[in-house]
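Student: with the sequence up front, the predicted model follows.
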Amino acid sequence: MNRRIIGAICLVAVLLVTGLAPARAAERPTIKIGWSIYVGFMPLVYMEKSGILKKWGDKYNVDLKVTLVNDYVGSINQFIGGDLDIVTVAGMDGLTMPAAGGVDTTLFMIGDYSNGNDVLLSKKAGSVKELKGQTVDLVQFSVSHYLLQRALVKNGMTGLGDVKTVNISDADIASAYLTSPDVTNVASWKPMTDDMIKGVPGTKVLFTSQEIPGEIMDVFITKTATMKAHPEAIKALAGAWYEALGILSGNDAKAKDMREVMAAGMGTDVAGFESQEATTHFFKTAKEASDFLTAASTKEIWDNIRTFSFEQGLFGQGATSKDDVGISFPDGSVLGNTANVKLRVNDDITALAAAGKL
């Protein structure tokens, strides 16, 4: 399942599980890292194949086991249940699934944000404002739903109440737009939106995630107890990640090889990978990532995310306010309930990487 699908699936009871599920050998722990196929997570494939991950694991005397989970939501549920120690997620999902479900969760590294991968399209409307009163097809409670809300608000409208939304699966949305005259407006993501634009002449791009930089982010999360018990594993993963991103930043033979490996992992060619890479903002240095995690504007982003999440019922039936779930930040400040902090945006390891201390 695509990493962009959240929502209805996260409106289930989750178990509060702390620590690491399997027994660990004290001398060399094994840390299980779950991920699903998405352009922003593909460096993990190269890290494993190239030996970079093993090299950093050896440095910190830890085994980092990377596991591809084909079902994105399933990967988060495995994390919640204790079968995975670390998982890659869209930032909003880290809040609405483990954190809102009661799991004390730490966001310790950001990989990228969508910088045009998520798109609002129309066959007829010439602007976002012209969508008022119209129907928009999308995957309900996904980042596409969030994108639509932000598009409406940023164009002077009140929000989702100005339009009608129809829930449609990610498997069906492209074909519906291409074949059904009744489907005139959609919010979706690449590569499906590329097919829609090519297949329906005159399609207008009304809004993209490039207009909300940083808001649709992809991150690494772990349980706070794991973060405290195994900082060496987090350091090893961060060291490997930024070494790989350093290679991706280049134009030499190693960078070419890395793109070929990642493209193959996605089941596409290099051109297909680069098309999505072009609209994905990778944090290619730890300094840039650290600056983002500690910026005042990042708190504003999380306030937008938690507001949308609460209004859509993604905090669960018992939630009475967007403040019910506390979100803490590197400067010690908290959005929401200080007595119920369940998502911790943590810059400690990224800052070490930025300072060259890993």
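Tutor: On my side now, so go ahead.

Student: what's residue 279 in contact with, if anything?
Tutor: The contact partners of residue 279, taken as CB atoms under 8 Å, 6 or more residues apart in numbering, are 114, 115, 116, 117, 190, 208, 209, 210. In this view, the C-beta of every residue, glycine as well, is placed from N, C-alpha and C.

Student: where does the closest residue to the fifth one other than its chain neighbours fall, phi/psi-wise?
Tutor: With sequence-adjacent residues excluded and distances taken as CB to CB, 6 or more residues apart in numbering, residue 190 is closest to residue 117, at 4.8 Å. In terms of degrees, to the nearest 10, the main-chain angles of residue 117 are phi -70, psi -20.

Student: where is the longest helix in this protein?
Tutor: In the chain, assigned by DSSP state H, the helix with the most residues is helix 231-248.

Student: show residues contacting whichever helix or strand comes after that one.
Tutor: Moving toward the C-terminus from helix 231-248, the next helix or strand (DSSP states H and E) is helix 253-266. Contacts to helix 253-266, defined as CB under 8 Å, 6+ apart, come from residues 37, 39, 42-43, 45-46, 49-50, 244, 247-249, 269-270, 272-274, 277.

Student: centroid residue for the chain?
Tutor: Closest to where the C-alpha atoms of the chain average out (CA atoms, centre = their mean) is residue 90, at 1.8 Å.

Student: coming back round to it: can you tell me which of the contacts of residue 279 are in strands?
Tutor: 114, 208 (DSSP state E).

Student: test my guess that the residue nearest to the centre of the chain contacts residue 217.
Tutor: Yes: assessed by CB atoms under 8 Å, residue 90 is found in contact with residue 217 at 7.0 Å.

Student: need the residues touching each of these two.
Tutor: Shared contacts of residue 90 and residue 217, defined by CB under 8 Å, 6+ apart, are absent.

Student: quick revisit: isn't the residue nearest to residue 190 up against residue 280?
Tutor: Yes: contact status for residue 117 versus residue 280: in contact at 5.9 Å, counting by CB under 8 Å.

Student: so what sits against both of those two?
Tutor: In contact with both residue 117 and residue 280: residue 39, using CB under 8 Å, 6+ apart.

Student: in terms of neighbours, single out the busier of these two.
Tutor: Here residue 117 and residue 280 are set side by side on neighbour count (other CB atoms under 10 Å), and the busier one is residue 117, at 28 against 21.

Student: can you tell me how far the more buried one is from residue 175?
Tutor: 20 Å (CB to CB, to the nearest Å).

Student: all helices for the stretch 151-300 of the chain, in order.
Tutor: In the stretch 151-300 of the chain, the helices defined using DSSP state H, counting those that start in this stretch lie at 173-179, 192-199, 224-229, 231-248, 253-266, 270-277, 286-294, 296-311.

Student: got the CA positions of the fourth one in CSV?
Tutor: Provided in CSV are the C-alpha atoms of helix 231-248 (Å, rounded to 0.1, in the frame of the first residue of the first chain):
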residue,chain,number,x,y,z
PRO,A,231,21.2,5.6,20.7
GLU,A,232,24.0,3.8,18.9
ALA,A,233,21.5,2.3,16.4
ILE,A,234,20.1,5.8,15.7
LYS,A,235,23.6,7.2,15.2
ALA,A,236,24.6,4.3,12.9
LEU,A,237,21.5,4.8,10.7
ALA,A,238,21.9,8.5,10.6
GLY,A,239,25.6,8.2,9.6
ALA,A,240,24.7,5.7,6.8
TRP,A,241,21.9,7.8,5.6
TYR,A,242,23.9,11.0,5.3
GLU,A,243,26.8,9.2,3.6
ALA,A,244,24.3,7.9,1.0
LEU,A,245,22.7,11.3,0.5
GLY,A,246,26.1,12.7,0.0
ILE,A,247,26.6,10.3,-2.9
LEU,A,248,23.1,11.2,-4.3
